[in-house]
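*Asks:* sequence and predicted model, in that order:
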Amino acid sequence: MTIEPIVGGIPELAEQFALHLEGAYREARGHGRPLAVAVPGGSVAEALFPRLVKLPLDWRHVLVFFADERAVGPQSPESNARLAREIWLDRVPIPMGNVHRMHGESSDLDAAASHYERELVGALGDPPRLDVVLLGMGADGHVASLFPGSAPLEERERYVLPVLDAPKPPSRRLTLTLLGIASGRSIVLAAFGSEKARAIREAVENETSSLPAARALRSGPVPIVLVDPQAASALGERATRR
């Protein structure tokens, strides 16, 4: 699989993602189904979500899921769901029932993961076919809360798992598995900053890489990779400049 990353400033990358999401919406509606998207938190959310507020979508036909969540309540400053609400979802007329947050505050994360998996399957079928899975990436190559060498990375049956020992705080989380990510009709990976450059290069150029990001990129259809110039600094001529 040949992956050609798109390189640009944050405004250009936000525009690229918005256009991709709008196209996925039109395709989904053309087939009579809602658009189903899974999103992360962190710097990718902060960079890309504000542009989504301006999309001319009928938000009644958009379902929002999350790629992962920390084991915190929905009002915590660390909550991915809270960040999405504040900079995107509270600013568009999306029905609250269309936003499916992970219950990271649950004392039983395994039960919370099973509940979320049932939500996914109930809304999207089995396997749950998300139209767009947006992923951020850490400097270690992790995506969602799938970290290098972790047991959840090797899951072959479940779409959602608890993470009890993440190597970066908070250690307790919920995450889509690679199986859940791979069911997406499109996968978009975004990364910003020079500390991500080495992992981006390996994920894009090394077809045998065991990095979670590399495995996610090769788990489904040809993905879209959005990187700023700093994250692209270790790439060769394969990158597409915007």
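*Replies:* All right, it came through fine.

*Asks:* send me stretch 152-164 as PDB with only the CA atoms.
*Replies:* The C-alpha trace of stretch 152-164 is given here as PDB (Å, rounded to 0.1, in the frame of the first residue of the first chain):
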ATOM      1  CA  PRO A 152      -5.200  -4.400  23.600                       C
ATOM      2  CA  LEU A 153      -3.200  -3.900  20.400                       C
ATOM      3  CA  GLU A 154      -3.400  -7.700  19.800                       C
ATOM      4  CA  GLU A 155      -7.200  -8.000  20.300                       C
ATOM      5  CA  ARG A 156      -8.900 -10.100  17.600                       C
ATOM      6  CA  GLU A 157     -12.500 -10.300  18.700                       C
ATOM      7  CA  ARG A 158     -13.700  -7.100  20.500                       C
ATOM      8  CA  TYR A 159     -14.200  -3.700  19.000                       C
ATOM      9  CA  VAL A 160     -13.700  -1.800  22.300                       C
ATOM     10  CA  LEU A 161     -11.500  -2.600  25.300                       C
ATOM     11  CA  PRO A 162     -10.500  -1.100  28.600                       C
ATOM     12  CA  VAL A 163      -6.900   0.000  29.100                       C
ATOM     13  CA  LEU A 164      -5.700  -0.400  32.600                       C
END
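
*Asks:* so for that stretch, mean pLDDT?
*Replies:* Average pLDDT, stretch 152-164: 96.

*Asks:* any buried residues in it, and which?
*Replies:* Across stretch 152-164, burial judged by 16 or more other CB atoms under 10 Å covers Pro152, Leu153, Glu155, Tyr159, Val160, Leu161, Pro162, Val163. For glycine as for every other residue, the C-beta is placed from the backbone atoms N, C-alpha and C.

*Asks:* would a markdown table of the residues you listed with secondary structure and distance to Asn80 be doable?
*Replies:* Shown next, in a markdown table, are the buried residues of stretch 152-164 (DSSP: H, G, I helix; E, B strand; the rest coil; distance: CB to CB, whole Å):
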| residue | secondary structure | distance to Asn80 |
| --- | --- | --- |
| Pro152 | helix | 17 |
| Leu153 | helix | 19 |
| Glu155 | coil | 20 |
| Tyr159 | coil | 17 |
| Val160 | strand | 14 |
| Leu161 | strand | 16 |
| Pro162 | strand | 15 |
| Val163 | strand | 13 |
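
*Asks:* could you dump these into CSV with distance to Thr175 added?
*Replies:* Below are these laid out as CSV (distance: CB to CB, whole Å):
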residue, distance to Thr175
Pro152, 6
Leu153, 10
Glu155, 10
Tyr159, 10
Val160, 7
Leu161, 6
Pro162, 8
Val163, 6
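
*Asks:* chain center to the one helix or strand Phe17 maps to, what's the gap?
*Replies:* Using DSSP states H and E, the element containing Phe17 is helix 10-30. The chain centre lies 14 Å from the centre of helix 10-30; the measure is CA atoms, centre = their mean, to the nearest Å.

*Asks:* please apply the same query to stretch 224-231.
*Replies:* Here stretch 224-231 is found 15 Å from its chain centre; the criterion is CA atoms, centre = their mean.

*Asks:* one more: stretch 153-160?
*Replies:* For stretch 153-160, the distance to the chain centre is 16 Å (CA atoms, centre = their mean).

*Asks:* same thing with stretch 37-45?
*Replies:* For stretch 37-45 - counting by CA atoms, centre = their mean - the centre lies 6 Å from the chain centre.

*Asks:* going forward, count from 3.
*Replies:* In the new numbering, first residue 3, that becomes stretch 39-47.

*Asks:* ends of that stretch, what's the gap?
*Replies:* When the termini of stretch 39-47 are compared using CA to CA, to the nearest Å, they are 13 Å apart.
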